[in-house]
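S.K.: Dropping a prediction and its sequence here:
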Amino acid sequence: KPPTIVTAFRFFEFDDETLDRPLNFRILEGNWTQGDAMSIESITSDEPNASPKFATMELEAYDEDQEMILMQFYLGYTHKCDVDPFLNVTSVGWMQFENQEP
């Protein structure tokens, strides 16, 4: 069953694959339903010399029967200014990506 509400969004950026200490993390809690938006920025917005290698995202959601659905995905970074961040990807599962900027 698809989710009807998202209650938590966790975003972590790492500089290596050990996952022991994130460079950046954001944890958003709320009640997002279909069509709602959330905004996340990379650490590079605040610290231009930072160079994370990848990010992990985790969404905690619930379906109409109040059963938890957990969606996780990973994004690798190229650090090339002329490369589209998602390279023609507009969604992952039931999450839509909009207003992507290199």
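M.R.: Thanks, I have it.
S.K.: Run a quick neighbour tally on Leu75.
M.R.: 16 (other C-beta atoms under 10 Å). Using the backbone N, CA and C atoms, a C-beta is placed for each residue, glycine as well.
S.K.: Quick check: it is in a helix.
M.R.: No. Leu75: not assigned to a helix; according to DSSP: H, G, I helix; E, B strand; the rest coil it is strand.
S.K.: dump the residue contacts of Asp65.
M.R.: Lys1 (C-beta atoms under 8 Å, 6 or more residues apart in numbering).
S.K.: What strand or helix carries it?
M.R.: Using DSSP states H and E, Asp65 sits in no helix or strand.
S.K.: quick one: it from Thr4, how far?
M.R.: Look at Asp65 and Thr4: by C-beta to C-beta, to the nearest Å, they are 9 Å apart.
S.K.: remind me which residues of this protein are low pLDDT?
M.R.: The model of the chain has pLDDT under 70 over residues 17-18, 83-102.
S.K.: My guess is Met71 contacts Ala61. True?
M.R.: Yes. In this structure, Met71 is within contact of Ala61 by C-beta atoms under 8 Å, at 7.0 Å.
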